[in-house]
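Q: below: sequence and its predicted model.
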Amino acid sequence: MFEEFNVNDLESKKEILEVKLKESKEQIDKLLEIENKNYDNFVKAYQEIGEGINIFLTPIFHIDSVKNSEITTKVYEECLPLISNYETELSQNVNIYTSLKDIQYNYKDTLNDIQKKVLENEIRDFELSGCHLNNNLKARLKEINLRQSELSHKFSHNLLNATNSYEMIIEDYEDVKEIPESDLQLASFEEEGKTKYKFTLQMPSYVAYITYGTNRAKREELYKAYCTRAPENGKIIEEILNLKDEKSNILGFSSYAQYSLSTKMAKSEDDVISFLYELAKKGKDGGKKEIEEIKEFAKKDGIEELKSFDISYYSEKLKKEKYDLDEEFYRPYFEKESVLKGFFEFLNSIFDIEFKQANTSTWDEKATAYDIYEKGKLSSRIYIDLESRKDKRGGAWMNNWHSHYVDRHNNLHFPTAYIVCNFPQSTNETKSLLRHSDVVTLFHEMGHALHHLLSKVTEPFISGIAGVAWDTVEFPSQFLEYFSYDKTVLKQFAKHYKTGETLSDEAIDKIIKARNFQSSLNMIRQVEFALFDFKLHQNLYTSEDEVQKLLNEIRDEISVIKPPKYNKFQNGFAHIFGGGYAAGYYSYKWAEVLSADAYYMFIESENTFNKKLALKYKETILEKGGSSDMNELFYEFAQREPSVDSLLKIDGIIS
């Protein structure tokens, strides 16, 4: 039914992959020999070959992120050029390309819409891979793709190493006296008969001190270490940008930004830029007021010039004063296992899905697998790994493993996915107690996972998140986030881990009221990142200095507080240099318009548990995967075009 997660004998994976890729090439050659090619005997078989390679590779790449070691990195780096070469050769195989074109033309009257979408996407991607180019240009594209993969992995690896190599030891309790007890327990250790405190650049530890650390000099020390990580990535960025520009030009695009938009919902570069500036314009006045409010508050503490490393600290104090919101008070109500149980119950109540723990192997004792049932029938499996570890890459993400589809022999294949986060660690003495922001993150990643796992599309290349335009892939994740602020939903699981007491209405109201605290500042920050990313890929920036100059110009234009000169944010911008968001970071805000507008329908219905509406969303958005363009699916769900105003209203930026 489900494949077991197994990366035993990891060091043999390179040799096994070589055999699998050789077999796949032979299988494709046999497909190409078919005289009368049609959708069933060629396209479905071709998709199944691709799905098989993905199923084999995903655990190998996944383990390098969640249990990183010299061996996992070695195997990753051995497998990367093999799969990169294979995929590049495949994407430039003109015989496959012409076969797909012929099937599209010959059977255009008998293909259904889903089959047409598979062919449309594949033919487009072959053309974007340079299938139509001469052999010299194809060879160069192959070199570029391989080098890009290597550089992206190196960028992420440098960042991980830099994050893990730093420690700040504090001996004076006065410097940590404001830090929540649960964070302090994780930071404390005994040495030479004295209690000391260790803070790292791992996100839970970093956030704890930058938000609650009493000693301003220590906050700056930690902040500086964080925003100057991996300086060697500056040179990697230069090479990545040059390669992307060269690739775009070879494929006939004026820039990488233009190339990127060829597979997205946004239609033009001007659409993206004007969208981002519209948000910046509507948020800047509010951002100025919010930063002035922090400055005035900090003056009470004798701070005449607010610095970047002060913002989290004084924002938290201001937030507590305005809303009487104490994170430490809430954390006992958000114990990890209790949150998961209540979250599953909520999802069952609106989507008719049930989670049951699976008896299967995982990669760590803290990782758990759950089988998902729909109306009593098994439909998918999810692996959940929430606690931070030193050998785990920072951040949070969802990764798909298997896809939902029906094969040539009419066998149904069930989907699987992973959710990975970096929440506070549990020990024998301490439970993993989450911040509400961690709860929001969990909802976000589950939104991605359900988009993949609840798919009912029968073709693997457009099932789940496959084939979904990058600038709309965040829609389901951000949509589910909104429910993590709903009182009725929170009461499902916000229960004290010792007493079982449910979080009071008054305490929940504070979370809801505080949701829009500094919403303009947060929006401007995201717009800053998005503009930097998009403009960086509109023209060629060939040096670290030019990259920094662009970032400075954008900050001068839209930001309301300037970071120190030593801040090298770009060297840690893994979304675009180590992940897939290059010229696409704007997608977070683009998709947020869709998610806010969808959630606003629940607000207007005055019922968060509006099951009829939730099931319509499940059927029109989640189950359809990448089978139709998201603008069409959204219209089918909402019966109208999306509006940016819903987002700005929910965020309290406009009334």
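A: Everything's here; your move.

Q: on contacts alone, who are the packing partners of the lengthiest strand in the chain?
A: Looking across the chain with DSSP state E, the single longest strand is strand 377-387. Packing contacts for strand 377-387, counted by 3 or more C-beta pairs under 8 Å, 6 or more residues apart in numbering; DSSP states H and E, involve helix 336-351, strand 368-374, strand 416-423, helix 436-453. Bear in mind the C-beta positions are built from the backbone N, C-alpha and C, glycine included.

Q: can you show me the strands along the chain?
A: Under DSSP E, the chain gives strands at 167-170, 188-191, 194-200, 353-357, 368-374, 377-387, 397-400, 405-406, 412-413, 416-423.

Q: possible to save the helices and strands packed on strand 377-387 as CSV with distance to residue 622, mean pLDDT and mean neighbour count?
A: As requested, the helices and strands packed on strand 377-387 are exported to CSV (distance: least, C-beta to C-beta, whole Å; pLDDT from 0 to 100; neighbours: other C-beta atoms under 10 Å):
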stretch, distance to residue 622, mean pLDDT, mean neighbour count
helix 336-351, 8, 96, 19
strand 368-374, 11, 98, 19
strand 416-423, 13, 97, 23
helix 436-453, 6, 97, 24
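
Q: which residue packs closest to residue 644, ignoring adjacent ones?
A: Once flanking residues are discounted, residue 644 sits nearest to residue 593: 5.2 Å by C-beta to C-beta, 6 or more residues apart in numbering.

Q: and for the one you found, the neighbour number?
A: 22 (other C-beta atoms under 10 Å).

Q: which ones are touching residue 259?
A: 128, 247, 248, 251, 253, 583 (C-beta atoms under 8 Å, 6 or more residues apart in numbering).

Q: and residue 75, which of the strands of the chain is closest to it?
A: For those, the distance to residue 75 is smallest for strand 397-400, at 17.0 Å, taking C-beta to C-beta.

Q: just checking: what are the partner strands of the closest one?
A: strand 416-423 (antiparallel) (DSSP bridges).

Q: now what about the partner strand, what contacts it?
A: Residues contacting strand 416-423 (C-beta under 8 Å, 6+ apart): 2-3, 62, 65-66, 202-204, 336, 380-388, 392, 394-402, 432, 434, 438, 441-442, 445-446, 448-449, 452-453, 464.

Q: CA atoms only for that strand - export them in PDB, please.
A: Listed next in PDB are the C-alpha coordinates belonging to strand 416-423 (Å, rounded to 0.1, in the frame of the first residue of the first chain):
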ATOM      1  CA  THR A 416       2.700  10.700   0.600                       C
ATOM      2  CA  ALA A 417       4.400  13.900   1.900                       C
ATOM      3  CA  TYR A 418       6.700  15.200   4.700                       C
ATOM      4  CA  ILE A 419       6.200  18.200   7.000                       C
ATOM      5  CA  VAL A 420       9.400  19.500   8.600                       C
ATOM      6  CA  CYS A 421       9.700  22.300  11.200                       C
ATOM      7  CA  ASN A 422      12.100  23.500  13.800                       C
ATOM      8  CA  PHE A 423      10.100  23.900  17.000                       C
END
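
Q: now the angle from that strand to helix 336-351?
A: 140 degrees (axes from the mean of the first three to the mean of the last three C-alpha atoms, to 10 degrees).

Q: just the angle for strand 416-423 relative to helix 436-453, thanks.
A: Using the same axes, to 10 degrees: strand 416-423 against helix 436-453 is 170 degrees.

Q: pLDDT score for the residue nearest to residue 196 when sequence neighbours are not counted?
A: Closest residue to residue 196 apart from its sequence neighbours, by C-beta to C-beta, 6+ apart: residue 171 at 5.2 Å. Per-residue pLDDT puts residue 171 at 96.

Q: skipping adjacent residues, who's closest to the residue most central in space within the chain in space?
A: Nearest residue to the geometric centre of the chain (C-alpha atoms, centre = their mean): residue 397, 4.7 Å. For residue 397, ignoring the flanking residues on the chain, the nearest one in space by C-beta to C-beta, 6+ apart is residue 420 at 5.5 Å.

Q: ok, now how distant is that neighbour from residue 118?
A: When distance is defined by C-beta to C-beta, to the nearest Å, residue 420 is 29 Å away from residue 118.
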